[in-house]
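Peer 1: here you go, sequence then predicted model.
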Amino acid sequence: MISPHPITLDAATSSPLVLVVDDDPDLLALIEEALTIRGIRVSGAKHGEEALEHVARERPSLILLDMRMPVMDGWTFARTLRARYGRAIPIVVLTAAEDAEARAAEIGAEANLGKPFELQDLDQIVSRTLGAA
């Protein structure tokens, strides 16, 4: 599928980029710190609209996606992302909802991680998903 938006990649950066889409600034900071220590670049977005702008600038290797956010929620973001880029970018749903697996299935996500989560679980799911990409 040809993207309607140009994707620019920085050849000097060889580490994967994870885009975290969540309106909780504390959670964004925690995930950024945890993944940066592992050598993974992290970018954050407060809602789906901002996340689509990030994706247009640089395609991430993985998206960690909250479902309930202001401006553009996770469902709308996922539909728009898939319409523009197909399934090229894996999504892991981050949600405090009781049935995280159902939320992930609703948008065709590769995996889910229920909130709150242990950093070890974050590390495992990111490693597994990036390894499969």
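Peer 2: Structure received. Residues are numbered from 1 along each chain as shown.

Peer 1: show me where pLDDT drops low in the chain?
Peer 2: Scanning the chain for pLDDT under 70 picks out the ranges 1-13, 132-133.

Peer 1: just the helices in it please.
Peer 2: 25-37, 48-57, 74-85, 100-107, 119-132 (DSSP state H).

Peer 1: against E50, how distant is the nearest residue to A104 once chain neighbours are set aside?
Peer 2: Distances taken as C-beta to C-beta, 6 or more residues apart in numbering place N112 nearest to A104, at 3.7 Å, with adjacent residues excluded. Placement of C-beta: from N, CA and C, glycine included. Here N112 is placed at a distance of 22 Å from E50 (C-beta to C-beta, to the nearest Å).

Peer 1: mind checking which of these two has more residues around it?
Peer 2: Set N112 next to E50 and count neighbours by other C-beta atoms under 10 Å: N112 wins out with 22 against 18.

Peer 1: for the residue nearest to A104, list the residues it contacts.
Peer 2: Contacts for N112 were tallied using C-beta atoms under 8 Å, 6 or more residues apart in numbering; they are 92-95, 100-101, 103-104.

Peer 1: one more pass at 7 Å, please.
Peer 2: 92-93, 95, 100-101, 103-104 (C-beta atoms under 7 Å, 6 or more residues apart in numbering).
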